[in-house]
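Engineer: fold the following for me, if possible:
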Amino acid sequence: RNANLSAFTFLPANLRPEACTLCVLPTAPPLDAEMLPPFVWPTTVGEIEAAVKEVEAASLKMLDEVASVNPSNATFETVIEPLMASPHFKTNPLICQSKFLQHCSTDARLREAAEKAGIAFASLKSRGKTRKDVYDVVKAYSDTAEAKALDEFKSHFVNSIVASFEASGLGLSPSDQETLQDLKDKDTAICNEYKKNLSEDKTELFFDPSELTGMDATWISDRKQDDGKVKVTLKYPDIIPINSNCSVENTRKAVLLAREVSAFKNNLDLVAEGIQLRKQIAELLGYETFSAYAVSSRMSGTPQNIDNFLLPLQEKVAKGALDDMKRLSELKVEFLKSQGIENPEPKVNAWDTGFYHSMLLKNDYGVDHEKIKQYFPLDHVVAVTMEIYQELLSLVFTEVEEFDRWHPDVRLFRVTDKATSERVGFFYLDLHPREGKYGHAAIFHLLKRWGSQSPVDCMMCNLPSPSADGKPALLRHSNVVTFFHEFGHIMHGLLSEGDGNSTTYAKCPRDFVEAPSQMLENWCWTQRGLKRLAKHHESGESLPDDLLQSMLAAKNVGVSAGMARQLYLGRLDLTIHGSDPPKNAAGLQELVDRLRPAISGVENPENANMLRSFGHLMNQYASAYYGYMWAEVLSSDMFSEVFEADPFSKESGLKYRKQVLAPGGVGKISDHLEKFLGREPSQAAFLKARGIGVE
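Structural biologist: Predicted structure coming up:
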């Protein structure tokens with residue numbers, strides 16, 4: 001065990017023998033602040049509960065100390081710095097160590113304890129912002145000559161802390177403050193229950209192999225049961241290939257309806273309850289809608305500005321989306337006739353779009369996803385993605401072999417600056433699906449920079465695992481783009497400079513935070529980038545030129561329909577957080593039944609509702625989904641202006657690192673962006689890149 005800790009197999013609680021924990025799990029390597037993140041992952045519920053109590057006591061002590069400062073003697077060091085690194089912020093390793101395992105532990109008891117820790121920390125943070133005695137000291141300091149003479153970085157935190165207190169209901173009566181806190185606590189609990197229903201879903205569908213015509217033989221054999229049936233879950237490695245490749249319509253329909261009609265327990269009721277709570281929170285704080293409250297601190301500023309952005313785009317893509325759907329309808333009729341079906345129904349259903357889009361790419365452009373993924377083995381994609389990021393951003397990644405991990409699949413990397421060899425931070429990779437794990441792709445910012453402490457991030461994905469017969473995991477090109485995108489978030493987290501950056505008081509606006517990663521997706525669409533990322537898992541050859549050119553030619557196929565879907569999701573988000581949010585699940589159903597066909601052009605199946613699994617709207621992306629499109633416009637502008645001529649320019653990469661990533665959430669992002677572009681942002685590059693004419 002001591003010779004090779006990283007090879008030791010961790011056993012989940014339900015498989016542990018009757019022995020003490022220390023006999024089952026390896027001893028964590030000694031912590032080395034220079035070489036390892038400062039985490040020792042808890043193995044018992046008691047450890048988590050003790051850490052929560054420690055954090056709560058330390059936080060209350062810190063707030064009391066700040067409140068006791070005589071305003072006439074207040075300094076940045078006695079008033080602002082303690083709040084920047086509050087014990088319940090992610091500048092404290094205990095926060096991540098206590099709550100992160102809710103997303104990834106194989107032990108249900110640890111997941112539950114970690115979830116409770118997260119709720120406790122959220123409540124602690126929210127309650128801390130209602131301490132009027134602390135606010136009075138902060139506000140008094142903000143008016144001093146010392147505060148007004150601070151540099152831009154420190155001034156940001158003074159202003160942000162004052163604004164945070166003022167936005168938390170300090171102007172309310174004690175009774176209303178108590179009501180506000182109760183509403184926030186209830187919303188947090190509801191969101192956590194919603195996420196738990198997603199991660200712990202155990203839905204299983206069983207099909208005869210004949211019902212999976214078009215699916216890869218290895219994919220089928222990996223899921224075949226002893227009785228010959230094929231087990232399908234609602235995890236992405238199962239549902240995405242079926243949606244794209246299975247020619248049996250009833251199978252595609254069954255999978256979609258399982259996900260949107262029957263799975264995830266009471267999630268639709270939780271959404272209805274959550275949006276009502278948020279409406280009440282906003283009204284207590286003096287806002288007409290939750291959207292108005294949520295976007296007031298973002299680039300957009302107001303819901304009206306969002307409408308001014310989204311509605312013209314919706315008009316621009318409407319005709320193209322209709323044309324896209326018409327082509328899919330023609331393909332459906334042609335295909336069903338070839339199967340001997342007379343007078344086939346031309347309507348494109350929700351379970352048809354992925355299949356016929358894949359057919360269109362294959363038939364008209366020679367883009368065969370199953371053929372293409374033979375060139376994208378996971379290990380190669382991961383390695384080359386990291387090579388490109390290291391070259392572009394002047395960094396060095398070194399894999400750490402021995403460290404404390406929550407699952408054997410997890411990998412850890414140490415990041416240093418290429419020029420100075422100084423430590424920048426660490427990141428974990430946890431890439432494969434398993435029971436109880438977070439079900440989407442996301443970056444978790446585990447630890448923030450403070451003093452000698454470096455930031456730590458984790459990429460959580462659900463990419464396919466190597467097959468049972470030893471074949472490597474193969475990625476669809478869309479998976480490659482996703483991995484490249486998510487890795488960009490890691491770099492944003494690690495490269496934000498300055499103590500306390502990217503914490504609560506220095507968050508990158510939700511409607512910009514996706515832009516840096518969206519811009520980096522372009523490397524997956526350049527000839528040079530594709531040639532490097534691709535390597536046939538058997539022959540070792542890169543993408544043939546004809547296949548590469550076909551992929552590039554097909555990049556914008558169906559783009560209008562895809563944008564219409566994104567616009568629908570953004571509008572759905574803004575509507576449920578608007579002036580009259582639906583009051584129950586029935587109201588949510590009516591809304592989805594109305595908006596989906598009106599904006600996306602696809603009829604919503606009876607009783608289907610993707611809000612059951614639309615996790616974005618039950619976390620910090622509530623009233624923020626429009627931000628993907630908002631940020632995409634900015635990302636296209638950045639790439640076109642700075643990188644399009646030479647995407648692998650190290651000079652441009654360093655400029656991007658220093659002017660876009662390094663500021664993190666400090667300062668006004670529009671100012672950083674204009675400095676990087678040398679002008680104000682424009683939609684022109686976005687529309688051109690997607691083949692949509694500029695009027």
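
Engineer: alpha carbons only for contacts and neighbour counts from here, please
Structural biologist: OK.

Engineer: contact partners for residue 644?
Structural biologist: Going by C-alpha atoms under 8 Å, 6 or more residues apart in numbering, residue 644 touches no other residue.

Engineer: do that again at 10 Å, thanks
Structural biologist: 522, 523, 526, 636, 637, 638 (C-alpha atoms under 10 Å, 6 or more residues apart in numbering).

Engineer: just send the residues you listed back as CSV, with distance to residue 266, neighbour count and secondary structure too.
Structural biologist: Shown next, in CSV, are these (distance: C-alpha to C-alpha, whole Å; neighbours: other C-alpha atoms under 10 Å; DSSP: H, G, I helix; E, B strand; the rest coil):
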residue, distance to residue 266, neighbour count, secondary structure
522, 39, 20, helix
523, 40, 22, helix
526, 44, 15, coil
636, 39, 27, helix
637, 42, 25, helix
638, 42, 26, helix
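
Engineer: quick check, nearest of those to residue 576?
Structural biologist: For the contacts of residue 644, the minimum distance to residue 576 (C-alpha to C-alpha) is 28.9 Å, reached by residue 636.

Engineer: and the strands in the protein, which stretches?
Structural biologist: Taking DSSP state E as the criterion, the chain contains strands spanning 205-207, 230-232, 395-400, 411-417, 423-430, 442-447, 456-460.

Engineer: do I have it right that residue 241 meets residue 213?
Structural biologist: No: using C-alpha atoms under 10 Å, residue 241 is not in contact with residue 213; the gap is 11.7 Å.

Engineer: which one of those two has more residues nearby?
Structural biologist: Using other C-alpha atoms under 10 Å as the criterion, residue 241 and residue 213 rank with residue 241 on top: 20 against 16.

Engineer: what about the nearest residue to that one once chain neighbours are set aside, distance to residue 361?
Structural biologist: Distances taken as C-alpha to C-alpha, 6 or more residues apart in numbering place residue 215 nearest to residue 241, at 7.4 Å, with adjacent residues excluded. Distance, residue 215 to residue 361, by C-alpha to C-alpha, to the nearest Å: 17 Å.

Engineer: what sits against the residue nearest to residue 592 when sequence neighbours are not counted?
Structural biologist: Spatial nearest neighbour of residue 592, excluding adjacent residues (C-alpha to C-alpha, 6+ apart): residue 609 at 6.8 Å. Residues near residue 609 by C-alpha under 10 Å, 6+ apart: 257, 259-262, 268, 585, 588-593.

Engineer: pull the contacting residues for the spatially closest residue to residue 424 that is not a sequence neighbour.
Structural biologist: Distances taken as C-alpha to C-alpha, 6+ apart put residue 416 closest to residue 424, at 4.9 Å, once the chain neighbours are dropped. Contacts were defined as C-alpha under 10 Å, 6+ apart; by that measure residue 416 touches 390, 394, 395, 396, 397, 398, 422, 423, 424, 425, 426.

Engineer: beta partners for residue 416?
Structural biologist: Applying DSSP bridges to residue 416 gives these bridge partners: residue 396, residue 423.

Engineer: could I get the pLDDT score of it?
Structural biologist: On the pLDDT scale, residue 416 is placed at 98.

Engineer: how much space between it and residue 555?
Structural biologist: According to C-alpha to C-alpha, residue 416 and residue 555 sit 35 Å apart.

Engineer: please apply the same query to residue 110.
Structural biologist: For residue 110, the distance to residue 555 equals 44 Å [C-alpha to C-alpha].

Engineer: only the buried subset of the contacts of residue 609, as a ChimeraX command please.
Structural biologist: Per 16 or more other C-alpha atoms under 10 Å, the buried members of these correspond to this ChimeraX selection:
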select :257,259,260,261,268,585,588,589,591,592,593
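
Engineer: from the contacts of residue 609, which ones fall inside helices?
Structural biologist: Using DSSP state H, the members of these that fall within helices are 257, 268, 585, 588, 589, 590, 591, 592, 593.

Engineer: mind picking the two most distant members of those?
Structural biologist: The distance between the two most remote of the ones in helices among the contacts of residue 609 (C-alpha to C-alpha) is 17.9 Å, for 257 and 591.

Engineer: now stretch 526-539, how far from the centre of its chain.
Structural biologist: From the chain centre to the centre of stretch 526-539 is a distance of 26 Å (C-alpha atoms, centre = their mean, to the nearest Å).

Engineer: buried ones in that stretch?
Structural biologist: Going by neighbour count (16+ other C-alpha under 10 Å), the buried part of stretch 526-539 is 527, 529, 530, 531, 532, 533, 534, 535, 536, 537.

Engineer: okay, and which of the residues you listed map to helices?
Structural biologist: Per DSSP H, the buried residues of stretch 526-539 map to helices at 527, 529, 530, 531, 532, 533.

Engineer: pLDDT and distance to residue 445 for the residues you listed - can I get that in JSON lines?
Structural biologist: Formatted as JSON lines, these follow (pLDDT from 0 to 100; distance: C-alpha to C-alpha, whole Å):
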{"residue": "527", "pLDDT": "95", "distance to residue 445": "32"}
{"residue": "529", "pLDDT": "96", "distance to residue 445": "27"}
{"residue": "530", "pLDDT": "96", "distance to residue 445": "29"}
{"residue": "531", "pLDDT": "96", "distance to residue 445": "31"}
{"residue": "532", "pLDDT": "97", "distance to residue 445": "28"}
{"residue": "533", "pLDDT": "98", "distance to residue 445": "26"}
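
Engineer: of all those, which comes closest to residue 459?
Structural biologist: Among those, and counting by C-alpha to C-alpha, the member closest to residue 459 is residue 533, at 19.0 Å.

Engineer: for residue 440, see how far away that closest one is.
Structural biologist: Note on residue 533: its distance to residue 440, by C-alpha to C-alpha, is 23 Å.

Engineer: likewise residue 587?
Structural biologist: Note on residue 587: its distance to residue 440, by C-alpha to C-alpha, is 27 Å.

Engineer: list the contacts of the residue nearest to residue 631 when sequence neighbours are not counted.
Structural biologist: Spatial nearest neighbour of residue 631, excluding adjacent residues (C-alpha to C-alpha, 6+ apart): residue 515 at 4.5 Å. Residue 515 makes contact with 485, 488-489, 521, 627-638, 660, according to C-alpha under 10 Å, 6+ apart.

Engineer: what's the answer for residue 439, then?
Structural biologist: Residue 439 touches 103-104, 195, 198-201, 234-236, 432-433, 460-462, 613, 615, counting by C-alpha under 10 Å, 6+ apart.

Engineer: again, only this time at 6 Å
Structural biologist: Contact analysis of residue 439 by C-alpha atoms under 6 Å, 6 or more residues apart in numbering lists residue 199.
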